[in-house]
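K.L.:
Turn this into a structure:
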Amino acid sequence: MKNLMPIDKISDWEERIKRHDAFWNCAIIDRPLVCISFADNESKSNSPKEKEYSSLRERWMDSERISDLAVCVAKNTVHCGDSLPIAYPNLGPELFSAFLGMELEFGEKTSWGIPNLHDWNDVKKIKFSDDNFYWRKVNEITDALLEKGKGLYYTGYTDFHPGGDAIAAFRDPLNLNIDMIDNPDKVVLLREYIDDVFENVFTSTVNKLQASRQAICSWAGVVSSKRWHVASNDFSCMISKEMFDNIFLPGIIRECRMAEASIYHLDGPQALTHLDSLLEIKELNAIQWVYGAGKGSASDWLHIYKKCQAAGKGVQITAAPKELNTIMENLKPEGVWLRISDVDNIDTANELIRRVSQWK
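P.N.:
So this is what the prediction gives:
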């Protein structure tokens with residue numbers, strides 16, 4: 001902990017990270033973990049001047065713009081409770097697949113991959129290289145964020161999607177669904193190669209961050225001294241439990257074992273088919289349950305959170321203030337990572353933190 005970079009405007013940054021660290025063990029130091037952040041209406045920091053670009057792709061690749069925006073966001077955000085300012089390189093959810101030769105298209109808000117494995121006879125072209133453009137670019141962006149973020153925010157790692165999501169990007173989900181029946185052995189062999197690549201990519205990335213005295217963080221919001229990983233397989237909502245267990249679960253277990261702590265991003269009601277299998281992973285610490293738009297709110301899914309807690313796993317919950325009493329009455333505080341949304345002032349934030357402190 002002493003080797004981590006302090007955040008200049010947050011005097012208790014160390015205590016906040018200790019609470020995040022305790023989350024992995026379903027433990028509480030002095031109170032449950034609660035994160036609240038909102039725009040600082042009194043901030044005088046302006047957004048960087050917008051540049052002119054020849055294409056959306058060029059804008060996405062501008063490391064200086066990305067790091068300047070990260071500085072602006074950090075200076076214009078209030079962090080209460082255990083929230084901490086973070087920034088991370090983001091070139092879209094299929095970036096990991098681009099490390100292995102797939103090309104990306106860029107839109108205004110996100111990017112998507114262009115499937116490039118049209119024939120299994122060409123599988124050898126799925127290959128990682130240190131000279132890969134996207135791998136070099138994400139490291140360039142990381143360096144820019146590290147340089148400008150000193151004392152302002154923690155720089156984290158990008159949104160990695162190895163395993164089944166990477167293969168779905170190469171093949172296209174429709175083709176991969178057919179492969180699950182016609183070519184399962186080929187899928188497994190490619191997944192095993194991807195597992196090897198990902199372990200090297202993750203290790204290299206986290207080593208780089210820790211060498212710069214960073215707490216480990218990413219899009220999921222946890223800010224920890226531990227080398228933690230977000231495991232996921234969004235493709236899994238399309239397949240049976242048996243297919244998931246036989247073809248993809250071994251890779252997810254390996255991902256969890258290579259990290260000091262891990263959380264699984266469980267996306268959508270159809271993915272609940274695989275919850276029992278995930279809860280049996282000894283090395284998996286927590287579940288991030290994303291029920292999706294139009295599927296209610298956090299308090300409508302208490303039975304899922306209870307099931308995770310009964311299995312000894314932590315849960316990451318985003319809830320509105322009006323849900324707080326229901327959540328506190330039905331769940332154990334140990335192992336809850338709670339983000340409270342829809343808060344826009346310090347007085348309300350402090351009152352909510354006081355209430356969470358009484359959660360026993």
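
K.L.:
Find the nearest non-adjacent residue to Lys241, please.
P.N.:
The shortest distance from Lys241 to any non-neighbouring residue, by C-beta to C-beta, 6 or more residues apart in numbering, is to Thr273 (5.3 Å). All C-beta atoms are positioned from the backbone trio N, CA, C, and that covers glycine.

K.L.:
Is it correct that the one you found falls within a strand?
P.N.:
No - Thr273: not assigned to a strand; according to DSSP: H, G, I helix; E, B strand; the rest coil it is helix.

K.L.:
Give me the most central residue, the protein.
P.N.:
The centroid of the chain falls nearest to Ala220 when counting by C-alpha atoms, centre = their mean (3.5 Å).

K.L.:
Tell me which helix or strand comes right after the helix or strand encompassing Ile263.
P.N.:
According to DSSP states H and E, Ile263 maps onto strand 261-267. Note on strand 261-267: by DSSP H and E, the next helix or strand toward the C-terminus is helix 275-279.

K.L.:
and that following helix, how far from the chain's centre?
P.N.:
19 Å (C-alpha atoms, centre = their mean, to the nearest Å).

K.L.:
right, and the helix or strand after it?
P.N.:
Following helix 275-279 toward the C-terminus (DSSP H and E): strand 286-290.

K.L.:
angle of that following strand against strand 261-267?
P.N.:
20 degrees (axes from the mean of the first three to the mean of the last three C-alpha atoms, to 10 degrees).

K.L.:
what's strand 286-290 packed up against?
P.N.:
The contact analysis (3 or more C-beta pairs under 8 Å, 6 or more residues apart in numbering; DSSP states H and E) places strand 286-290 against strand 261-267, helix 275-279, helix 302-310, strand 314-319.

K.L.:
Format the CA atom coordinates belonging to that strand as PDB.
P.N.:
The C-alpha trace of strand 286-290 is given here as PDB (Å, rounded to 0.1, in the frame of the first residue of the first chain):
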ATOM      1  CA  ALA A 286     -17.400 -11.800  -6.800                       C
ATOM      2  CA  ILE A 287     -20.200 -11.400  -9.300                       C
ATOM      3  CA  GLN A 288     -21.200  -8.300 -11.200                       C
ATOM      4  CA  TRP A 289     -24.800  -9.000 -12.100                       C
ATOM      5  CA  VAL A 290     -26.000  -6.800 -15.000                       C
END
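
K.L.:
Can you list the strands that that strand pairs with?
P.N.:
strand 261-267 (parallel), strand 314-319 (parallel) (DSSP bridges).

K.L.:
With mean pLDDT and distance to Glu192 as extra columns, can I get the ones you listed in JSON lines?
P.N.:
JSON lines is the format used below for the strands paired with strand 286-290 (pLDDT from 0 to 100; distance: least, C-beta to C-beta, whole Å):
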{"stretch": "strand 261-267", "mean pLDDT": "98", "distance to Glu192": "19"}
{"stretch": "strand 314-319", "mean pLDDT": "98", "distance to Glu192": "29"}
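
K.L.:
Distance to Glu329 added to the ones you listed, as JSON lines?
P.N.:
JSON lines is the format used below for those (distance: least, C-beta to C-beta, whole Å):
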{"stretch": "strand 261-267", "distance to Glu329": "24"}
{"stretch": "strand 314-319", "distance to Glu329": "13"}
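
K.L.:
Pipe those into JSON lines and attach distance to Asn139 and mean neighbour count per row.
P.N.:
Shown next, in JSON lines, are these (distance: least, C-beta to C-beta, whole Å; neighbours: other C-beta atoms under 10 Å):
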{"stretch": "strand 261-267", "distance to Asn139": "23", "mean neighbour count": "23"}
{"stretch": "strand 314-319", "distance to Asn139": "28", "mean neighbour count": "22"}
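
K.L.:
Mind checking these for the one nearest to Lys109?
P.N.:
Nearest of those to Lys109, taken as C-beta to C-beta: strand 261-267 at 18.1 Å.

K.L.:
relative to helix 302-310, how tilted is the closest one?
P.N.:
Going by the same axes, to 10 degrees, strand 261-267 makes 160 degrees with helix 302-310.

K.L.:
Identify all contacting residues around strand 261-267.
P.N.:
Contact with strand 261-267 is made by 24, 220, 222, 224, 226-232, 234, 237, 252, 255-256, 272, 274-275, 278, 283-290, 292, 314, 316, as judged by C-beta atoms under 8 Å, 6 or more residues apart in numbering.
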